[in-house]
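1. Pasting a predicted model and its sequence here:
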Amino acid sequence: MKKLHILALSVALGTFGTVAAQAENPMVGGAAMYPDKNIVENAVNSQDHTTLVAAVQAAGLADTLQGEGPFTVFAPTNAAFEALPAGTVENLLKPENKDQLAKILTCHVVAADAMAGAIKKMVDDDGGAHPVKTVGGCEFTAKYDGDMVMIVDGQGRTATVTVADVDQSNGVIHVIDTVLLPAS
């Protein structure tokens, strides 16, 4: 009987540990984000990122974002894409615009695993604004106000991180409210 209680306690503690680990990672788009899955494996489950996932697939970047990394992805929501001028997304998704789409998407990716606290420290170390060099060759500016990390894109538009520190097996996702665009 004692062994049965120990076994039951072990199972209960193991289950609690799994639930606690999952509770630490925020939900995104109504879906659990699992730290043992990669960026693409998690993103496809977010109802808030269907446009981003379609764009990543159309640009041929899914395999890259499933790679080893590390990557920090600033992931615009569907609403962020909808805020672009009418027809922009549909135009970018055309096969003949694959290179332009890939450029915009890779400007949302940094070759590092940068949690919000690390970004804030870099901003502080640089006196209030930190240059962010992206995989796509863009240079944006990170800053923050209180707990909110913000990225200023090449056109001077500011994206705010609405969900930070979504841990992934190959990096981190920060959900943003604006599509980042390169300088004209």
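-> Received it, and whenever you're ready, just let me know what you need. Numbering: from 1, shown residues only.

2. what about N38, neighbour count?
-> When neighbours are counted by other CB atoms under 10 Å, N38 registers 18. Yep, even glycine has a C-beta here, placed from its N, CA and C like the rest.

3. Next, it: phi, psi?
-> phi -80, psi 180 (degrees, to the nearest 10).

4. and what of G117?
-> Residue torsions, per degrees, to the nearest 10, at G117 are phi -60, psi -40.

5. how deep is it tucked in, by neighbour count?
-> G117 has 11 nearby residues by other CB under 10 Å.

6. just D145 next, same as before
-> Residues within reach of D145, counting by other CB under 10 Å, total 8.

7. ok, longest strand in this structure?
-> Ranked by number of residues, the top strand in the chain under DSSP state E is strand 158-168.

8. so what does that one touch, helix or strand wise?
-> If you count contacts as 3 or more CB pairs under 8 Å, 6 or more residues apart in numbering; DSSP states H and E, strand 158-168 packs onto helix 39-43, strand 71-76, helix 116-125, strand 148-152, strand 171-176.

9. For the nearest residue to Q100 once chain neighbours are set aside, give me its contacts.
-> Of all residues not flanking Q100 in the chain, L92 sits nearest, at 6.4 Å (CB to CB, 6 or more residues apart in numbering). Residues near L92 by CB atoms under 8 Å, 6 or more residues apart in numbering: 55, 58, 100-101, 104.
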